[in-house]
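Visitor: Build me a model from this:
(one chain, ligands or ions: 1)
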Amino acid sequence: RFINREFKWICSVDRIRFFSTIRHHRRLEGKVALITGGASGLGRASANEFIQHGAQVIIADIDGQLGPDVAKDLGPQAHFVSCDVADEAQVAEAVDTAVTRHGKLDIMYNNAGITGPVFPPGISDLDLNEFDRVMRINVRGTIVGIKHAARVMIPMGSGSILCTASMSGLLGGLGPHPYSISKFTIPGIVKSVAGELCHHGIRINCISPFAIPTPLVLAQFAVFFPGASQEQLVETVRSLGEFKGAHCEEIDVARAALFLASDEAKYISGHNLVVDGGFTSFKNLKF
Ligand code: NAD
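Guide: Just a heads-up that it's a prediction; the model follows:
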């Protein structure tokens, strides 16, 4: 009977979980994460990484067509909610969905963003309606996400909030003005809020990635290189940050997010983690 019992265990799901935990230390086991803009690019890669490390993930995205398919692909630990981060009521509802489904929210990743218009490039021609639109999604959307995450995390006395900034928010001239200005504000928001949230056991950090050929960046490059094929655009974006054969990939950002989201970063808050291979540190930057 003993052998029979052991044999059953060896064949069971518990055994698979047990050995995968040993082989691959799961850094977000039991955690619940909400990722805005999780249906594509960096958000999707992070959702996948978080799930591999044991998290339950709510993907909150404005794309109601792609989102459910992505959640299905990611498996039973992923759930999609339709959410426009420009609308506070929708963000509040997405946060409440996470809490209703899983009883808590450990990680809030404010990642959704848009680039806005690429042209006209000059400040003297700035379209303020377009500027407001970019700020509403990239900046206000981030602040609203922080606000509602804090609403549920403060009573818990714990949590990790992440925001996506950009290398375009570290140096001028790397993106359209509305986008660049919106991304310059993200590390400031993080600093401003970290000082309050640390008293509640909540950490908040942001990540500044280099250019990665996601739909957001490819759409921008398509304007600069009309007629170029998708492959050529991907190659152009990749080649910008190629150092010693390595270039920036979604997984590089997802791993940075995993670290900051996990308890391994328990004493890190108010930080801007730059994922650019050293690009923004060059003395003679040419772009
Ligand atoms: P992406 O286009 O692949 O993904 C963006 C996602 O955000 C999409 O799924 C889209 O539907 C969603 N989204 C857009 N507006 C939304 C809204 N109002 N509410 C909810 N969801 C919305 O782009 P990405 O490159 O993965 O971008 C993710 C974040 O990373 C953005 O904040 C972007 O500014 C930032 N970023 C990207 C790069 C890069 O090179 N790809 C570099 C630096 C920073």
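Visitor: what sits against A211?
Guide: By Cβ atoms under 8 Å, 6 or more residues apart in numbering, the residues touching A211 are 167, 217, 237, 240-241, 248. Every C-beta, even on glycine, is put in place using the N, C-alpha and C of the backbone.
Visitor: Which residue is the nearest non-sequential neighbour of P178?
Guide: V134 (3.9 Å; Cβ to Cβ, 6 or more residues apart in numbering).
Visitor: Would you show me how to pick out the buried ones of the contacts of A211 in PyMOL?
Guide: Only the buried entries of these go into this PyMOL selection, using 16 or more other Cβ atoms under 10 Å:
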select buried, resi 167+217+237+241+248
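Visitor: Let me have the contacts of A211 in JSON lines, extended by secondary structure.
Guide: Shown next, in JSON lines, are those (DSSP: H, G, I helix; E, B strand; the rest coil):
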{"residue": "M167", "secondary structure": "helix"}
{"residue": "V217", "secondary structure": "helix"}
{"residue": "V237", "secondary structure": "helix"}
{"residue": "L240", "secondary structure": "helix"}
{"residue": "G241", "secondary structure": "coil"}
{"residue": "C248", "secondary structure": "coil"}
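Visitor: neighbours of the closest residue to G278 other than its chain neighbours, just the number please.
Guide: Leaving out its chain neighbours, the residue that sits closest to G278 by Cβ to Cβ, 6+ apart is F243, at 6.9 Å. For F243, the neighbour count with other Cβ atoms under 10 Å is 11.
Visitor: Can you narrow the contacts of A211 down to the ones near the ligand?
Guide: Filtering these for proximity to the ligand by Cβ under 6 Å from any ligand atom leaves V217.
Visitor: For N205, state which of the contacts of A211 is nearest.
Guide: Proximity of these to N205 (Cβ to Cβ) peaks at M167, which lies at 16.1 Å.
Visitor: per-residue confidence for that closest one?
Guide: If you check M167, the pLDDT there is 95.
Visitor: That one and D125: what is the separation?
Guide: 24 Å (Cβ to Cβ, to the nearest Å).
Visitor: if we can go back for a sec, and the contacts of A211, which two are the farthest apart?
Guide: M167 and V237 (12.6 Å).
Visitor: if we can go back for a sec, surely the residue nearest to P178 meets G116?
Guide: Yes: shown here, V134 and G116 form a contact pair, counting by Cβ atoms under 8 Å, at 3.7 Å.
Visitor: Now for these two: what residues contact both?
Guide: Residues touching both V134 and G116 (Cβ under 8 Å, 6+ apart) are 178-179.
Visitor: List the strands paired with the strand ranked longest in the chain, with their directions.
Guide: Counting residues, the longest strand found in the chain (DSSP state E) is strand 202-209. According to DSSP bridges, strand 202-209 has the following sheet partners: strand 159-164 (parallel), strand 272-275 (parallel).
Visitor: that older thread, any idea which helix or strand carries the residue nearest to P178?
Guide: helix 128-135 (DSSP states H and E).
Visitor: Summarise which helices and strands the following helix or strand past that helix is packed against.
Guide: With elements assigned by DSSP H and E, the helix or strand that comes after helix 128-135 is helix 141-156. When contacts are defined as 3 or more Cβ pairs under 8 Å, 6 or more residues apart in numbering; DSSP states H and E, helix 141-156 sits against strand 32-36, helix 88-102, strand 107-110, strand 159-164, helix 177-197, strand 202-209.
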